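Novice: model this:
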Amino acid sequence: MILEKIAQAIDGRLPFAAGLFATLEAQTKDGEGVTRPAWSEADERAVTLVADTALALDLEIDHDNAGNIYVTLPGLDREAPALLTGSHLDSVPKGGNFDGYAGVVAGLTALAAFRDLGVTPACDIRTVGLRGEESVWYGIAYIGSRLAVGSLDVSEIDRLRRSDTGRTLADHMAELEIDLAALGHATSPYISPDNTKGFLELHIEQGPVLVDRNLPIAVPTVIRGNIRFPYARCFGEYAHSAAVPRLLRRDAALATVELVGALDNMWQEFEASGVPHTVFTVGQLYTDATLHAMTKVPGECAFSLNFGGTTEAFLDEVRERTVALAREIGDRRNVEFQLGECVGSNPTPLDAGLCERLENRAAALGISTHAMATVGHDASIFARAGIPAAMVLVRNQHGSHNAAEAMEMADFGLGVQTLAATLLDLA
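Specialist: Residues are numbered from 1 along each chain as shown. Okay, here's the model as predicted:
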């Protein structure tokens, strides 16, 4: 009976959710898409909208020292660890309006439905609007959540510079009247396993899997880790294309293409052997536009490599084999590969118990789900901080990080039903 009431209450609140989407889109519109830089006037408008919505619902409002906003439905035991839900408020430049923000609207919609039903949970249930999840602005991701759990050195705010303004994060925070002294002098994290019993994040799927499977939501089991060579180079020798025979060439472009092809074959080999949830991307591949020409043998080629997977064993093997392949191809073609710094992150398993609860609540509501791996999200930061974390992914057409994001409100409603039912179950 309670599940039916939750479903009805969420459905009744979908116009409320649609209004929140439309309002922030109008306030942060940038051509076809939206632009909400982290710690800017644009994502401050998002914070204000969340606060105004909370006041209208008679919910409590709080901010941590980093400027993340929290909206709380008080529980019977105010001292008990709270349940946390939500996602991020910032966007990529000219991005979609649902990436991140859907999770914040989902949390507010769930709390509004609980208010409609007169529900007082056993513990506090909180919705967070996080800042700085997108790495495009300051070169690293999850800044807001990392500051909230204390996993980012506060000194970084003086070092990190915003990509479009060149000014430091500290400068932009100060403009928004965030108390930098309080942030620097905090003796304990705002969010910890002591005060938070779990984190559930609803997010749009940023790929086509749910569209392909014709399913509305997924419950991911793991957040992929990755290894990346962002600044790889191959150096050969520029030469006249009609004058140098093949065996005497030091062709940087063909050597790089051979390496990329070998890595693609390696990816297919892993897939064929049953290694799940792997991805490989060559996001950049180019010769020097000031020197290249149709009649020149390329003497330099720049490229990036990005592998993702759900086990450290896979990522370790990929790293080792990439280095070995570059060495072998370089020696044979008489070129030099300089792969540069290798960066990345470890895979983050999501909490199996919370995933099971989400799947069970969805099944009880008659909603079909899919288990899969997902990309990086704030949930990984809470999980690494020792807070049980899980996610709901909502079907979204046309991918993400672009203005064409097209999550349907009916699918969003099913995701919020699953989220709300699980929050109430956990509380």
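Novice: Leu89 against Gly129, yeah?
Specialist: Yes: applying CB atoms under 8 Å, one finds Leu89 in contact with Gly129, separated by 4.7 Å. Where C-beta positions appear, they are placed from N, C-alpha and C, glycine not excepted.
Novice: touching both of these two, which residues are there?
Specialist: 46-47, 50, 104 (CB atoms under 8 Å, 6 or more residues apart in numbering).
Novice: neighbour-wise, give me the winner out of those.
Specialist: With neighbours set by other CB atoms under 10 Å, the maximum within the shared contacts of Leu89 and Gly129 is found at Val104, which has 29 neighbours.
Novice: excluding chain neighbours, what is closest to that residue?
Specialist: Gly129 (4.7 Å; CB to CB, 6 or more residues apart in numbering).
Novice: who are the contact partners of that neighbour?
Specialist: 46-47, 50, 68-71, 86-89, 104.
Novice: what's the closest of those to Gly184?
Specialist: Asn68 (16.2 Å; CB to CB).
Novice: returning to what we had before: from the contacts of Gly129, which ones fall inside strands?
Specialist: Among these, the members falling in strands (DSSP state E) are 69-71, 86-88.
Novice: what about the strands in the stretch 1-150 of the chain?
Specialist: All strands of the stretch 1-150 of the chain, identified by DSSP state E, counting those that start in this stretch, fall at 29-30, 33-34, 60-63, 69-73, 82-88, 125-130.
Novice: tell me which of those strands lies nearest to Thr310.
Specialist: strand 82-88 (21.4 Å).
Novice: so what's the gap between that closest one and the chain middle?
Specialist: Distance of strand 82-88 from its chain centroid, counting by CA atoms, centre = their mean, to the nearest Å, is 15 Å.
Novice: what does stretch 77-89 give?
Specialist: On CA atoms, centre = their mean, the centre of stretch 77-89 falls 20 Å from that of its chain.
Novice: end-to-end on it?
Specialist: 29 Å (CA to CA, to the nearest Å).
Novice: buried sites along it?
Specialist: Buried positions in stretch 77-89, judged by neighbour count with 16 or more other CB atoms under 10 Å: 81-89.
Novice: before we move on, what about stretch 303-319?
Specialist: For stretch 303-319, by 16+ other CB under 10 Å, it's 303, 305-311, 314-315, 317-319.
Novice: what's the closest of the residues you listed to Glu60?
Specialist: Using CB to CB, the buried residues of stretch 303-319 come closest to Glu60 at Thr310, 37.7 Å.
Novice: residue contacts, that closest one?
Specialist: 222, 224-225, 276-278, 347, 373.
Novice: and the pLDDT at it?
Specialist: According to the prediction, Thr310 has pLDDT 94.
Novice: and the residue nearest to the spatial centre of the chain, what pLDDT?
Specialist: In the chain, the residue lying closest to the centroid (CA atoms, centre = their mean) is His377, at 3.3 Å. Here the pLDDT value assigned to His377 is 94.
Novice: can you map out the helices along the stretch 1-150 of the chain?
Specialist: Ranges of helices in the stretch 1-150 of the chain, per DSSP state H, counting those that start in this stretch, are 2-12, 14-27, 41-56, 101-117, 143-149.
Novice: redo those as JSON lines? Include mean pLDDT and distance to Ala239.
Specialist: As requested, the helices of the stretch 1-150 of the chain are exported to JSON lines (pLDDT from 0 to 100; distance: least, CB to CB, whole Å):
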{"stretch": "helix 2-12", "mean pLDDT": "96", "distance to Ala239": "66"}
{"stretch": "helix 14-27", "mean pLDDT": "98", "distance to Ala239": "53"}
{"stretch": "helix 41-56", "mean pLDDT": "97", "distance to Ala239": "50"}
{"stretch": "helix 101-117", "mean pLDDT": "98", "distance to Ala239": "53"}
{"stretch": "helix 143-149", "mean pLDDT": "97", "distance to Ala239": "47"}
